[in-house]
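Colleague: Structure here, sequence nowhere to be found:
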Ligand SMILES: Cc1ncc(COP(=O)(O)O)c(C=O)c1O
């Protein structure tokens, strides 16, 4: 099988040592932060070391400002629900994932910045939408539908100049696009581990800049201030409720070290190269439409496409069943993004490249799409 669904999760994890660490921590890990004994301290130290590695990756000033979550969805919910109230206003873009759209929709009044048919937004539209009660600006770093990279640095500077917290959804960029929270003026950074950071599932995180106060949406045992009936108000304990997934978080250090060694620049370069190659092939193919911002160059390793007006889920099924290629059809939890691309009726097939894909995978997918486009009998 050829795996081209890295935007959903990275199937291959790179490390020879990884299984040993994971196995050891699964069968032999005490509860982190729940005691001063040797085993609990060892688990806490392991988790802290992963937080240090991730802080290096994103230039987070202190690992204390980083909380682990089970995935990006939890991190986004902690940030959005923790900052907004009914009388707040928020600004988001049309390219957001449901993990942003749904918590925003239930929290407050909000403005959606329209994207063009390549997934690009305009900074001036954000500027014009700022109100007195705007309490948060949220933007995905890269679209999970068509791979368009958003102008994060400009949005960060704009948000900072208005004193509005800026939340970046880095689910599709962490590990493959360099992120420096200081330089990009990011106040809150939500990310998945299991995608571009190549960690086991069950790892995500939220960076919260010092000085930003979140209301805790989940309260409970943190191992600290046990005599108090209220949640500790300091990071990371304010968000570290209940037992953490120590095996996955501790082993995540191996993959973050791998990313640091390869560098997000180089990983992203490779993924972009493969995606561009596919895009070029599809552009020249009759009856195939490819979407995204390749011509402008602000694009990651994801390509969305359709063959004729075929149902994208069915096309993806054919790619799986007949050609043994894993892609994802449908709406990718981001319906408004499909409205921007003009694919709201049939969705799109998404091929998302990862570090372990090769030009031969691009060639095989290109041939398969060509074959499908020439054989209407599939539909
Ligand atoms: C842009 C974006 N945001 C958020 C998420 C949610 O990530 P997770 O599955 O880690 O919760 C995804 C997942 O596909 C995504 O692509």
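Modeller: Yes, it's here. Not measured: the values here are computed from a predicted model. Numbers count the residues shown, from 1 in each chain.
Colleague: can you give me the strands in this protein?
Modeller: In the chain, strands defined by DSSP state E lie at 2-3, 66-69, 89-93, 109-113, 134-140, 166-169, 188-192, 204-208, 288-291, 302-307, 325-326, 349-352, listed in chain order.
Colleague: which other helices and strands contact the second one?
Modeller: The elements that strand 66-69 packs onto, with contact taken as 3 or more Cβ pairs under 8 Å, 6 or more residues apart in numbering; DSSP states H and E, are helix 38-58, helix 72-83, strand 204-208. (C-beta placed from N, C-alpha, C; glycine too.)
Colleague: Now do that strand: distance to the chain's middle.
Modeller: Distance of strand 66-69 from the chain centroid (Cα atoms, centre = their mean, to the nearest Å) equals 14 Å.
Colleague: Adjacent strands (with direction) for that strand?
Modeller: Strand partners for strand 66-69, identified by DSSP bridges, are recorded as strand 204-208 (antiparallel).
Colleague: near the ligand, which residues of the stretch 151-300 of the chain show up?
Modeller: Those residues of the stretch 151-300 of the chain that sit near the ligand, judged by Cβ under 6 Å from any ligand atom, are 169, 171-172, 192, 204.
Colleague: Can you go through those residues and name the buried ones?
Modeller: Those of these that meet the buried threshold are 169, 171-172, 192, 204, by 16 or more other Cβ atoms under 10 Å.
Colleague: Which single residue in the stretch 251-379 of the chain comes nearest to the ligand?
Modeller: Going by Cβ to the nearest ligand atom, the ligand is nearest to residue 333 of the stretch 251-379 of the chain, at 6.3 Å.
Colleague: same question, the stretch 201-350 of the chain
Modeller: Minimum separation of the stretch 201-350 of the chain from the ligand (Cβ to the nearest ligand atom) falls at residue 204, amounting to 5.2 Å.
Colleague: contacting residues for that residue?
Modeller: Shown in contact with residue 204 (Cβ atoms under 8 Å, 6 or more residues apart in numbering): 68-75, 190-194.
Colleague: can you list the domains in this structure?
Modeller: Structural domains of the chain, as assigned by automatic domain parsing, span the residue ranges 2-9+263-378, 18-262.
Colleague: Now mean pLDDT too, for these, in a markdown table please.
Modeller: As requested, these are arranged in a markdown table below (pLDDT from 0 to 100):
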| stretch | mean pLDDT |
| --- | --- |
| domain 2-9+263-378 | 95 |
| domain 18-262 | 95 |
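Colleague: excluding its backbone neighbours, what's nearest residue 40?
Modeller: Using Cβ to Cβ, 6 or more residues apart in numbering and skipping the chain neighbours, the partner closest in space to residue 40 is residue 30 (4.5 Å).
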